[in-house]
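Participant: The sequence and its predicted three-dimensional model are supplied below.
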Amino acid sequence: MTTAPRKRHIFAIVAGNALEFYDFLTFSYFSIYIGRAFFPSHDPMLSLLAALATFGVGFATRPIGAVVIGSWGDRKGAKARDHLLLCAHGLYDCRARAHAVLRKHRHRRAGHRGGAAPRAGFRARRRGGANDSDAD
């Protein structure tokens, strides 16, 4: 490998790790506010713990996604794996946005939050953690 592709690969690795670190850092920093918004409770500690548990799901599913998607990518090839991950991220993003819009519209008149938002956040974090795994 020549110097130019090596530098490009190193830059891509550093950029990917920096973005991932930023994702986890932001979620942990705003976990108090996320807990209040998505997990309302009379005890603020329960809201914070529920938000941090959701945060931990991303860490827990990452190795599982690496094993499952990595082994599938080894059999089918890197291009198929990358297409799978991009499509999965796009579907989860569209689903989360549609859920947020429809839920807001549906419950605007009712004036309550319900339990669907915390479950959707948990599922999105779990699936995102599995898809964010480094399967190379």
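Facilitator: Here it is on my side, so go on.

Participant: so is Val67 in a helix, a strand, or just coil?
Facilitator: Using DSSP: H, G, I helix; E, B strand; the rest coil, the structure places Val67 in helix.

Participant: how many neighbours does it have?
Facilitator: 12 (other C-beta atoms under 10 Å). Heads up, the C-betas are built off the backbone N, CA and C, glycines and all.

Participant: same deal with Phe39?
Facilitator: Neighbour count for Phe39, taken as other C-beta under 10 Å: 22.

Participant: Please tell me I have it right and it contacts Ala53.
Facilitator: No - look at Phe39 against Ala53 with C-beta atoms under 8 Å: they stay out of range, at 9.2 Å.

Participant: Does Gly56 fall in a helix, a strand, or a coil region?
Facilitator: Recorded secondary structure, Gly56: helix (three-state DSSP).

Participant: That one and Phe24: what is the separation?
Facilitator: Distance of Gly56 to Phe24, computed by C-beta to C-beta, to the nearest Å: 10 Å.

Participant: Then Gly58?
Facilitator: Distance, Gly58 to Phe24, using C-beta to C-beta: 7 Å.

Participant: more crowded one of the two?
Facilitator: Gly58 (20 against 12).

Participant: wait, Leu46 sits on Leu52?
Facilitator: No - counting by C-beta under 8 Å, Leu52 is not a contact partner of Leu46; they are 10.8 Å apart.
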